[in-house]
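1. Using only what follows, build the 3D model:
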Amino acid sequence: MYLIDKSFKKAPKPYIRQGLLATLVVGIILYIFRFLSGDIIIVAALGASTFIVFAMPDSVTAQPRRLIGGHAVGLASGALAYFVLLSGYLDTPAVSQDALFILAGALSVGLSIFLMTITNTEHPPAATTAIAIVADGWSYKVAIFVLLSALCLALARKILRPHLKDLF
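-> Below you'll find the model as predicted:
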């Protein structure tokens, strides 16, 4: 087992280039949409999506359909779980808020997995989007941030495609 990948030792330029490109693209996305995000969990999902796009550009999960569609499904799943279970409709002494939160979080992830797999929009970081909506609540700003960020990552992948290769 090696601490540093043998491929990096042989050809470090793609690793460095793609790491720098990812830094630049995420920096631009965060700068442009900084007034929309406000949610650290959503930004974590963006980081995971960025990893896939820049370290595994040939991966099926890096395709625009999956990148954008997966996050759209994650948003919808998280919103559904949030509105049905946490928005106050089920306020009853029989069920604790903790139990509803746990149920909503689990439902958001399970539903997002189910919907992503049946619609061919599988993108693992989008499950984080789903649970982030449950954890921090629904907002149009967060939804816009997620969708615009996914769109920007898909566009960056398309434009930078000649300069990207799988690093695995």
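2. Okay, now the unreliable bits of this protein?
-> Low-confidence segments of the chain, defined by pLDDT under 70, span residues 1, 37-39, 89-95.
3. Which stretches in it count as strands?
-> Taking DSSP state E as the criterion, the chain carries no strands.
4. My read is that Leu151 contacts Ala72, right?
-> No. Using C-beta atoms under 8 Å, Leu151 is not in contact with Ala72, being 10.3 Å away. Where you see a C-beta, it was placed from the backbone N, CA and C, and this is true even at glycine.
5. higher neighbour count, these two?
-> Neighbours were counted for Leu151 and for Ala72 using other C-beta atoms under 10 Å; Ala72 has more, 21 against 15.
6. ok, the nearest residue to the more buried one once chain neighbours are set aside - contacts?
-> The shortest distance from Ala72 to any residue other than its chain neighbours is 6.6 Å, reached at Leu147 (C-beta to C-beta, 6 or more residues apart in numbering). Leu147 makes contact with Ile68, His71, Ala72, Leu75 under the criterion C-beta atoms under 8 Å, 6 or more residues apart in numbering.
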